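Undergrad: Fold the following for me, if possible:
(2 chains)
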Amino acid sequence: EPEVTQTPSHQVTQMGQEVILRCVPISNHLYFYWYRQILGQKVEFLVSFYNNEISEKSEIFDDQFSVERPDGSNFTLKIRSTKLEDSAMYFCASRRSGLTYEQYFGPGTRLTVT
Amino acid sequence: QKEVEQNSGPLSVPEGAIASLNCTYSDRGSQSFFWYRQYSGKSPELIMSIYSNGDKEDGRFTAQLNKASQYVSLLIRDSQPSDSATYLCAATLSGGYQKVTFGTGTKLQVIP
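TA: The predicted model follows:
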């Protein structure tokens, strides 16, 4: 069964450094998402991406964040200058088409900013 | 603020019993509803989706939707210790590209 994959599983970085989180969505899916979950809190939407552009973003997704689909398979989330409060689990999700609404999540990347 | 609300629990049920998990939502325009299971330290795993009023059954799981009351529920029959997890209720709100808004989750403990 196809799955969303994410790398790395755990990333430790120093405050102010740039990080890139990588995702490979399910191959025939067209809609891509990033969510985050701070420890002990609920899953929060960051951004949605369709047809090679951002379709919606939350208030969390400020100028420090960017997303890219550099090729036909990868979907990346970049944080330019990490802050302590960026420490969280980051989940990538994908959805097949406009007629189906189920989103499937990858295993996540645990980001620790020190 | 458009929200999805859940009781955080924990909800404790004995093995073999029915677990009943509930959720309310504030946006009347919400169209699609989901139940995800999340084990500690893991990602959300989709277990049910429901779009129309009524019941939807899949194995031991039954999702129920009442749009008039803005209420969604999940029943787990014959609960097993492996069902112990946090269950996340989620909805796609009106507008947007179907971003999913999650509740805080209900922690379920199935006691052997």
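Undergrad: right, quick check: stretch A:79-95 against chain B, any contact?
TA: Yes. Using Cβ under 8 Å from any Cβ of the partner chain, we find that stretch A:79-95 touches chain B at A:M89, A:F91, A:A93, A:R95. No exception for glycine: its C-beta is placed from N, CA and C like everyone else's.
Undergrad: out of the residues you listed, who has the most neighbours?
TA: A:A93 (28 neighbours; other Cβ atoms under 10 Å in any protein chain shown).
Undergrad: Could you find the closest non-adjacent residue to the residue positioned nearest the centre of chain A?
TA: Taking Cα atoms, centre = their mean, the centroid of chain A lies closest to A:W34, which sits 3.2 Å from it. By the measure of Cβ to Cβ, 6 or more residues apart in numbering or on different chains, the closest residue to A:W34 outside its immediate chain neighbours is A:L46, 4.3 Å from it.
Undergrad: next one: B:N66
TA: Nearest to B:N66 is B:N53, by Cβ to Cβ, 6+ apart, at 6.3 Å.
Undergrad: tell me the contacts of that neighbour?
TA: Taking Cβ atoms under 8 Å, 6 or more residues apart in numbering or on different chains as the criterion, B:N53 is in contact with B:L65, B:N66, B:K67, B:A68.
Undergrad: Top of those by number of neighbours, please.
TA: B:L65 (20 neighbours).
Undergrad: so A:V19 bridges to which residues?
TA: Beta-bridge pairing for A:V19 (DSSP bridges): A:I79.
Undergrad: how would you label A:E85: helix, strand or coil?
TA: Per DSSP: H, G, I helix; E, B strand; the rest coil, the local secondary structure of A:E85 is helix.
Undergrad: Tell me how far it lies from chain B.
TA: 19 Å (Cβ to the nearest Cβ, to the nearest Å).
Undergrad: Can you give me every residue that contacts that residue?
TA: A:V113.
Undergrad: Give me the distance between stretch A:24-36 and the centre of its chain.
TA: Relative to the chain's own centre, stretch A:24-36 is displaced by 9 Å; criterion: Cα atoms, centre = their mean, to the nearest Å.
Undergrad: Please point out which parts of that stretch sit buried.
TA: By 16 or more other Cβ atoms under 10 Å in any protein chain shown, the buried positions in stretch A:24-36 come out as A:V24, A:P25, A:I26, A:H29, A:Y31, A:F32, A:Y33, A:W34, A:Y35, A:R36.
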